[in-house]
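Visitor: Test case, fold it:
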Amino acid sequence: MSTDSRNFKGQVVLVTGASSGIGQACAIHFGSLGATVIVNYYSGEEKANQTLAQIKEKGGDGIAIKADVSVEADVLSMYEQILTNFGRLDVLVSNAGMQVDAPFLEMTLDQWQKVIDVNLTGMFLCTREAAKQFIKQAKEQPVEGDGALGKIILMSSVHDIIPWAGHVNYAASKGGVLMFMKSISQELAPKKIRINAISPGAVKTTINKEVWQDEKKLKELMTLIPYKRIGTPEDVARAVAWLASDDSDYVNGETMYIDGGMTLYPEFMDNG
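Guide: Down below sits the predicted model:
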């Protein structure tokens with residue numbers, strides 16, 4: 001069965017950081033598969049509403065909710081709004097993330113903490129509340145068969161295993177996501193909650209626009225990608241939907257690298 005033919009009708013999906021980029025693509029794709037999608041955003045209200053409009057155009061439904069995922073009160077309020085409006089949650093795509101780049105010797109504590117708070121603590125807060133809700137609603141209405149009570153997909157990066165000088169806060173946060181995902185997967189698997197991660201490589205978004213719009217920089221980037229093309233947000237969204245579907249029910253605690261081979265050490269293609 002292809003991803004596009006999967007049916008998420010009747011399922012409620014929360015996508016954090018869904019007003020742009022990969023999060024936006026995931027939210028719209030779930031909408032096209034019939035899901036009710038919560039479009040979380042922090043500052044881009046207009047873009048969040050545009051995302052929601054596209055979800056509805058494609059046959060889905062949902063609402064947009066403003067929340068800073070690094071703030072516990074905001075996360076608790078967001079979940080309260082989800083349950084008030086829809087009464088349940090089936091899938092969490094914890095996607096919200098940020099970069100604040102600086103050379104290590106010049107990086108301030110604020111630059112370090114800001115990225116860790118959003119990229120790692122934000123995932124802790126969102127996944128904790130999702131798991132609590134999955135268990136609560138299963139007690140109220142037991143799940144039939146062997147399927148999961150709920151599915152969680154964490155958005156990581158190839159820099160969970162590829163060092164990245166000049167971006168140590170970002171790389172450290174994504175390395176943290178890798179072990180965070182594995183640890184909670186180990187703990188929650190017996191409770192029938194599935195948790196996996198997606199690690200994109202170079203993906204064509206506004207964040208790296210200056211690279212893919214510059215012919216010279218794009219050519220340099222291609223030396224790092226054996227497949228010789230930059231990814232799209234939709235490449236990632238289709239993989240996320242598969243991990244959230246019953247087709248991947250026996251996949252748990254895994255990281256899927258959507259990177260065109262970037263993690264294959266392309267520098268060694270000519271024997272190093």
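
Visitor: Need the pLDDT of residue 14.
Guide: pLDDT for residue 14: 98.

Visitor: Figure out the helix or strand that it lives in.
Guide: Per DSSP states H and E: residue 14 is located in strand 12-15.

Visitor: helices or strands next to that strand in the packing?
Guide: Where contact means 3 or more Cβ pairs under 8 Å, 6 or more residues apart in numbering; DSSP states H and E, strand 12-15 is packed against helix 21-32, strand 36-41, helix 72-86, strand 91-94. For glycine as for every other residue, the C-beta is placed from the backbone atoms N, C-alpha and C.

Visitor: Now mean pLDDT and mean neighbour count too, for those, in TSV please.
Guide: TSV is the format used below for the helices and strands packed on strand 12-15 (pLDDT from 0 to 100; neighbours: other Cβ atoms under 10 Å):
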stretch	mean pLDDT	mean neighbour count
helix 21-32	98	27
strand 36-41	98	28
helix 72-86	98	16
strand 91-94	98	29
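
Visitor: for residue 88, what are its contacts?
Guide: With contacts defined as Cβ atoms under 8 Å, 6 or more residues apart in numbering, residue 88 is in contact with 12, 133, 137.

Visitor: go with 10 Å
Guide: Residue 88 makes contact with 10, 11, 12, 36, 82, 133, 134, 136, 137, 140, 141, 150, according to Cβ atoms under 10 Å, 6 or more residues apart in numbering.

Visitor: Over to residue 95?
Guide: By Cβ under 10 Å, 6+ apart, the neighbours of residue 95 are 14-18, 21-27, 40, 69, 122-123, 126, 153-155, 198, 236, 240.

Visitor: Please tell me how far the longest strand belonging to the chain is from the chain's geometric centre.
Guide: Ranked by residue count, the top strand of the chain under DSSP state E comes out as strand 193-200. Centroid separation between strand 193-200 and its chain, computed with Cα atoms, centre = their mean, to the nearest Å, is 8 Å.

Visitor: After that strand, heading C-terminal, what element do we hit next?
Guide: By DSSP H and E, the next helix or strand past strand 193-200 is helix 209-212.

Visitor: what does that next one rub up against?
Guide: For helix 209-212, using Cβ under 10 Å, 6+ apart, the contacting residues are 202, 203, 204, 205, 217, 218, 220, 221, 230.

Visitor: In this structure residue 18 contacts residue 96, no?
Guide: Yes - proximity of residue 18 to residue 96 meets the contact threshold set by Cβ atoms under 10 Å, at 8.3 Å.

Visitor: which residues are in contact with both of the two?
Guide: Contact with both residue 18 and residue 96 is made by residues 40, 41, according to Cβ under 10 Å, 6+ apart.

Visitor: Compare the two and say which one has the larger neighbour count.
Guide: residue 18 (33 against 24; other Cβ atoms under 10 Å).

Visitor: Note down every partner strand of the strand holding residue 14 and its orientation.
Guide: Partners of strand 12-15 in the sheet, by DSSP bridges, are strand 36-41 (parallel), strand 91-94 (parallel).

Visitor: Show me how far it is from its chain's centre.
Guide: The answer for strand 12-15 is 11 Å, by Cα atoms, centre = their mean.

Visitor: Just put the strands paired with strand 12-15 in JSON lines and tack on distance to residue 253.
Guide: Formatted as JSON lines, these follow (distance: least, Cβ to Cβ, whole Å):
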{"stretch": "strand 36-41", "distance to residue 253": "24"}
{"stretch": "strand 91-94", "distance to residue 253": "15"}
